[in-house]
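Asker: from the sequence below, what's the structure:
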Amino acid sequence: MASIAFIGLGNMGVPMAANLVKAGHTVTGFDLVPAALEAAKARGIAVADSAKAAVAGAEVVVTMLPSGKHVVGATTGADGLFAAAKPGTLFIDSSTIDVASARAFHEAAKAAGHESVDAPVSGGVGGAEGATLTFMVGGTDGAFAHARPYLEAMGKKIVHCGGAGAGQAAKICNNMILGISMIAVSEAFVLGEKLGLSHEALYEVASTSSGQCWSLNTYCPVPGPVPTSPANRGYQPGFAAALMLKDLRLSQEAAGTAGAATALGAAATALYTAFAEAGNEGKDFSGIVEWIRERDDT
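Answerer: Below you'll find the predicted structure:
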């Protein structure tokens, strides 16, 4: 069993760290938010006074931070986590960040004598709680093999996508698909309502024919057909609209850098921007169906 530092104990970080504890590891965490530290303590996670203190002596460091600038800022430089960690520490960054920052993270880790993987996740808070997350991993074959047992304690599917930054690239592409498909499913339900179709009838047809997709079959945006979807609990977030918008913006940044045409990705970004600016940042991203319905009624 390993000594693990977990930096970033938010809605995803706490249950992920708790699953490492369940697997028998010793986990010490840190977060800037006092309430997050209290939540971590309640789940059997030791807490440190600082990120550097958490990392000192750890064999593995997991980071779950808001953006690329936070990851690079926290890990690099004389006061960063790479300098604070003992040589040969494995760094696992499970934040969702831009590819350029992920590659900078890897380069700095290597220069400091550490192993590293970028390992963003899919599956939301429910997946974090149930240890059923999907990890999309970028890094060397050796670093991936080293990281895999720890990722398996927190997730169900672990995919090595390629070299440095490949995990972030896969996450960005996947979530662009997700954002586009949720809008398509939501528009179809609103159209069905106007045509006199019940939600159940449309779901029964589309979920078993060519319209089926995760946004419909697993995360249906209207109440009723899928009892576990956020639509049945007032769109309390499993995956907040603000996070979807962050990922869509990352996809458009990446598309611009790579010279890729993503017309639907751009349209989805514009729609989620308007949805969030209407005061819905904290709602589940599937709640966009209500916003689409309201727009159609005006």
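
Asker: use CA for all of it now, contacts and neighbours both
Answerer: Fine.

Asker: OK, contacts around the spatially most central residue of the chain?
Answerer: Centroid-nearest residue in the chain: Val121, 4.6 Å away (criterion: C-alpha atoms, centre = their mean). Val121 makes contacts with Ser94, Ser95, Thr96, Leu133, Thr134, Phe135, Met136, Lys171, as judged by C-alpha atoms under 8 Å, 6 or more residues apart in numbering.

Asker: and with 7 Å instead?
Answerer: Applying C-alpha atoms under 7 Å, 6 or more residues apart in numbering, we find Val121 in contact with Ser94, Leu133, Thr134, Phe135, Met136.

Asker: looking at the chain, which strand is longest?
Answerer: In the chain, with assignment by DSSP state E, the single longest strand is strand 155-162.

Asker: off-centre distance for that strand?
Answerer: The chain centre lies 14 Å from the centre of strand 155-162; the measure is C-alpha atoms, centre = their mean, to the nearest Å.

Asker: same check, this time on stretch 224-241
Answerer: So, by C-alpha atoms, centre = their mean, the centroid of stretch 224-241 is 17 Å from its chain's centroid.

Asker: buried sites along that stretch?
Answerer: 225-226, 229-232, 235-241 (16 or more other C-alpha atoms under 10 Å).

Asker: inside helices: which ones of these?
Answerer: Those of these mapping onto helices are Ala241, per DSSP state H.

Asker: residues contacting the spatially closest residue to Ser50 that is not a sequence neighbour?
Answerer: The shortest distance from Ser50 to any non-neighbouring residue, by C-alpha to C-alpha, 6 or more residues apart in numbering, is to Phe30 (6.2 Å). Residues near Phe30 by C-alpha under 7 Å, 6+ apart: Phe6, Ile7, Gly8, Leu9, Leu37, Val47, Ala48, Ser50, Ala51, Ala54.

Asker: swap in Gly265?
Answerer: By C-alpha under 7 Å, 6+ apart, the neighbours of Gly265 are Met176, Ile180.

Asker: same thing but 8 Å
Answerer: Met176, Ile177, Gly179, Ile180, Leu248, Ser251, Gln252 are the contacts of Gly265 under C-alpha under 8 Å, 6+ apart.
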